[in-house]
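Asks: Sequence first, then the predicted structure, then my questions.
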Amino acid sequence: MSSTFQVNDMTCRHCASTITRALGLLDPKAKVNVDLATRRVEVSSADADGAQLQDAIKEAGYTPVLVQPGAAATSQSKRSGCGCGCG
């Protein structure tokens with residue numbers, strides 16, 4: 001199963017690494033693709049569903065929104081700082 005999330009508070013490589021690590025703990029075999037430019041995370045997992053993946057990202061400190069197939073990327077959030085606290 002493949003799920004895509006818009007994570008507007010993911011703004012740096014540290015954020016991407018934290019999210020990738022959290023998803024890997026949930027499903028070590030998951031394939032995770034992070035696009036910082038669009039702030040999207042695409043996950044292919046055989047062991048976890050979209051809700052479980054979303055919960056793992058939330059537990060890592062971010063606010064993921066499940067993207068419906070075919071939806072365009074949203075513009076960057078106007079929030080300052082990032083989920084990891086570096087900014």
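Replies: Now that the structure is in, tell me what you want to look at.

Asks: Could you list the residues in contact with the biggest helix by length in the chain?
Replies: For the chain, the longest helix by residue count, based on DSSP state H, is helix 13-26. For helix 13-26, the surrounding residues in contact (C-beta atoms under 8 Å, 6 or more residues apart in numbering) are 7, 9-10, 30, 32, 34, 36, 41, 43, 45, 47-48, 52-53, 56-57, 59-62, 82-84, 86. Quick note: C-beta positions are derived from backbone N, CA and C, even for glycine.

Asks: Now list the buried members of those residues.
Replies: 7, 9-10, 30, 32, 34, 41, 43, 45, 48, 53, 56-57, 60-62, 82-84 (16 or more other C-beta atoms under 10 Å).

Asks: Out of the residues you listed, list just those in helices.
Replies: Per DSSP H, the subset of the buried ones among the contacts of helix 13-26 in helices is 53, 56-57.

Asks: residue ranges with poor pLDDT in this structure?
Replies: For the chain, residues meeting the criterion pLDDT under 70 lie at 70-83, 85, 87.

Asks: Is the residue most central in space within the chain bridged to anything, and to what?
Replies: Geometric centre of the chain, nearest residue: Val41, 4.1 Å, by C-alpha atoms, centre = their mean. On the basis of DSSP bridges, Val41 is bridged to Phe5, Val34.

Asks: Hmm, it is touching Asn8, no?
Replies: No: Val41 is beyond contact range of Asn8, at 11.2 Å (criterion: C-beta atoms under 8 Å).

Asks: what's around Gln68, how many residues?
Replies: Other residues within reach of Gln68, judged by other C-beta atoms under 10 Å, total 7.
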